[in-house]
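**Student:** I need the structure of the sequence given here:
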Amino acid sequence: NALCDKHIFEAVKIKAFACYGGNAAFPCDYKEAVRLLEILLKEFGFGYAANTLGFIYYDGKLTGKPDFDKAFAYFAIGSNYNVSEAKLKFADMLLLGDAGNPDPVLAYNMYLQVYHDARIRFESGEYHVDLPESAVRISRALKLFPDQKVRRLKLLLEAAYASFCRYQSNRLY
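**Tutor:** Below you'll find the predicted structure:
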């Protein structure tokens, strides 16, 4: 707590994520988590803080009711920091129009960005990347086009294989 009060990055990060989920040292406290995550974002440019803030607002954890406008803004910030999970959620919100008019073309292109980056990293042996998540989303987006069944199946098989590799390399998944 003392280091956190001095805005020492690691201390703020540890306490922020502890308050987000709760643990033996810090009970779950979304208000405190938001305060600390905003410090991480503003003072240290920590993109994962924006991603977590996006989920807090998307899930309505702070007030009991989702705030899609704030969630959208934080996912956009996380996307700019190249946080793939934030990019995927931002694209989901674009696809569904959760914070305004739907933009399926932009959403699809964001899915492709995450997919291509993850595919390169996966082929290098990084199995923890968001390849399964992005491949499934692209496959769902392609449902709109009946002539894309083969491509959809290829993506779903790729997602299944990537998930299997992830599980084999890290049983925590």
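
**Student:** okay, now Glu43: neighbour count?
**Tutor:** 12 (other Cβ atoms under 10 Å). Backbone N, C-alpha and C define where each C-beta goes, glycine included.

**Student:** within the helices and strands, which one has it?
**Tutor:** For Glu43, the host element (DSSP states H and E) is helix 30-44.

**Student:** report the angle between the very next helix or strand once past that helix and helix 30-44.
**Tutor:** On the C-terminal side of helix 30-44, the nearest following helix or strand under DSSP H and E is helix 47-58. Angle of helix 47-58 versus helix 30-44, following axes from the mean of the first three to the mean of the last three Cα atoms, to 10 degrees, is 150 degrees.

**Student:** off-centre distance for helix 47-58?
**Tutor:** Centroid separation for helix 47-58 versus its chain: 8 Å, with Cα atoms, centre = their mean, to the nearest Å.

**Student:** quick one: mean pLDDT for that helix?
**Tutor:** Computed over helix 47-58, the mean pLDDT rounds to 98.

**Student:** same question, stretch 76-84
**Tutor:** Summarised as a single mean, pLDDT over stretch 76-84 is 96.

**Student:** list the buried ones in that stretch?
**Tutor:** Using 16 or more other Cβ atoms under 10 Å as the test for burial, stretch 76-84 gives 76-79, 81, 83-84.

**Student:** one more: stretch 3-22?
**Tutor:** Residues of stretch 3-22 classed as buried: 4, 11-20 (neighbour count, 16+ other Cβ under 10 Å).

**Student:** and the pLDDT for the spatially closest residue to Val129 that is not a sequence neighbour?
**Tutor:** Nearest non-adjacent residue to Val129, counting by Cβ to Cβ, 6 or more residues apart in numbering: Ala118, 4.0 Å away. On pLDDT, Ala118 comes in at 97.

**Student:** mind telling me what element Ala118 is part of?
**Tutor:** Going by DSSP H and E, Ala118 is part of helix 104-123.

**Student:** quick check: next helix or strand after that helix?
**Tutor:** Next along the chain after helix 104-123, with elements defined by DSSP H and E, is helix 131-141.

**Student:** what's the distance between that following helix and the middle of its chain?
**Tutor:** Distance of helix 131-141 from the chain centroid (Cα atoms, centre = their mean) equals 14 Å.
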